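Peer 1: only the shape, not the letters, is given here:
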Ligand SMILES: Nc1ncnc2c1ncn2[C@@H]1O[C@H](COP(=O)(O)OP(=O)(O)OP(=O)(O)O)[C@@H](O)[C@H]1O
């Protein structure tokens with residue numbers, strides 16, 4: 001943990017796409033601290049830069065300027081290989097489209113990060129099954145994704161994101177494809193997981209049905225953070 005207690009420190013992040021006269025600046029010098037043990041939402045209109053910022057925080061898109069410190073590691077000071085390794089070990093990803101592998105069972109899907117990290121397959125699948133149990137879908141472990149509801153598939157995806165106990169969990173619209181009840185259940189599960197461990201969870205969402213479940217809301221407008229608070233600001 002860094003000196004100011006932040007799990008993640010984003011410092012003066014600028015991101016430009018393109019080159020020469022075609023250059024567009026989509027992030028304009030962003031500073032932010034994200035704390036562990038709470039659900040931080042990143043909200044804002046389409047095109048405001050949420051996905052760009054979260055991709056930079058997650059170590060998958062290099063910023064044009066600035067630095068990102070994730071649990072004391074200045075991630076863009078790492079070599080490419082070390083950054084890949086750091087990402088695999090430290091970060092879990094959850095997306096709107098669950099991105100499950102259709103030919104693998106739920107337990108096998110949940111085990112993917114462990115197999116990728118070199119764990120023996122049978123042991124990894126056992127861990128995958130334990131994670132499904134924590135998310136209350138152990139009874140679905142042997143099913144293929146197409147045999148599961150959307151909410152169940154998202155819980156498998158959450159299991160996969162958490163199975164290697166990452167310190168940072170990054171979610172891009174995790175409830176957008178779910179009905180209201182399943183969406184709230186998924187957010188509740190993320191909250192349990194976030195608060196249970198010393199873990200930071202950042203969620204990009206448009207889903208106003210779940211805004212009340214945030215501990216903290218950061219609003220982006222035109223590549224800047226314009227609000228930081230517990231409640232959604234009035235328009
Ligand atoms: N690879 C790229 N090349 C050029 N422009 C890009 C690229 N990626 C994103 N942009 C632009 O950057 C701006 C911010 O995009 P970004 O996807 O971060 O917004 P967002 O807030 O996540 O939007 P949405 O809610 O629609 O996903 C947009 O104007 C987008 O067109």
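Peer 2: Sure, I can see it. Source: prediction; values computed, not measured.
Peer 1: and residue 204, how far is that from the ligand?
Peer 2: 7 Å (CB to the nearest ligand atom, to the nearest Å). C-betas here are computed from N, CA, C, even on glycine.
Peer 1: could you check the pLDDT of that residue?
Peer 2: Looking at residue 204, its pLDDT stands at 95.
Peer 1: give me the neighbour count for it.
Peer 2: 23 (other CB atoms under 10 Å).
Peer 1: got the contact list for it?
Peer 2: By CB atoms under 8 Å, 6 or more residues apart in numbering, residue 204 lies in contact with 41, 42, 43, 50, 51, 54, 171, 172, 173.
Peer 1: identify the farthest-apart pair in those residues.
Peer 2: Farthest pair in the contacts of residue 204 (CB to CB) is 41 and 51. Separation: 13.9 Å.
Peer 1: list the buried residues in whatever helix or strand residue 33 lives in.
Peer 2: Assessed by DSSP states H and E, residue 33 sits inside strand 24-34. With burial defined by 16 or more other CB atoms under 10 Å, the residues of strand 24-34 counted as buried are 26, 27, 30, 32, 33, 34.
Peer 1: parallel or antiparallel, list what pairs with the very next helix or strand once past it.
Peer 2: Next along the chain after strand 24-34, taking DSSP H and E as the criterion, comes strand 39-44. Sheet pairing of strand 39-44 (DSSP bridges) gives strand 200-204 (parallel), strand 216-221 (parallel).
Peer 1: how distant is the last one from the center of its chain?
Peer 2: On the basis of CA atoms, centre = their mean, to the nearest Å, the separation between the geometric centre of strand 216-221 and that of its chain is 16 Å.
Peer 1: hmm, who's touching it?
Peer 2: Applying CB under 8 Å, 6+ apart, the contact partners of strand 216-221 are 32, 35, 38-45, 48-50, 53, 211, 225-233.
Peer 1: just checking, residue 58 touches residue 171?
Peer 2: No: the pair residue 58 and residue 171 fails to qualify as a contact (CB atoms under 8 Å) at a distance of 10.3 Å.
Peer 1: neighbour count winner among those two?
Peer 2: residue 171 (27 against 22).
Peer 1: double-check that that one belongs to a strand.
Peer 2: Yes: looking at residue 171 with DSSP: H, G, I helix; E, B strand; the rest coil, it is inside a strand.
Peer 1: per-residue pLDDT of it, please?
Peer 2: At residue 171, the model reports a pLDDT of 93.
Peer 1: which strand residues bridge it?
Peer 2: For residue 171, the beta-bridge partners under DSSP bridges are residue 94, residue 203.
Peer 1: residues in contact with it?
Peer 2: Counted by CB under 8 Å, 6+ apart, residue 171 has contacts 93, 94, 95, 190, 201, 202, 203, 204, 205.
Peer 1: circling back to that earlier point, how about the contacts of residue 204 in CSV, adding distance to the ligand?
Peer 2: Listed next are the contacts of residue 204 as CSV, based on distance: CB to the nearest ligand atom, whole Å:
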residue, distance to the ligand
41, 13
42, 9
43, 9
50, 4
51, 3
54, 8
171, 13
172, 8
173, 8
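Peer 1: and the residues you listed, which of them are buried?
Peer 2: Those of the contacts of residue 204 that meet the buried threshold are 41, 42, 43, 50, 51, 54, 171, 172, 173, by 16+ other CB under 10 Å.
Peer 1: the closest residue to the last one other than its chain neighbours: neighbour count?
Peer 2: If the residues on either side of it in the chain are set aside, residue 173 comes closest to residue 96, at 3.9 Å by CB to CB, 6 or more residues apart in numbering. Residue 96 sits with 19 neighbouring residues when counted by other CB under 10 Å.
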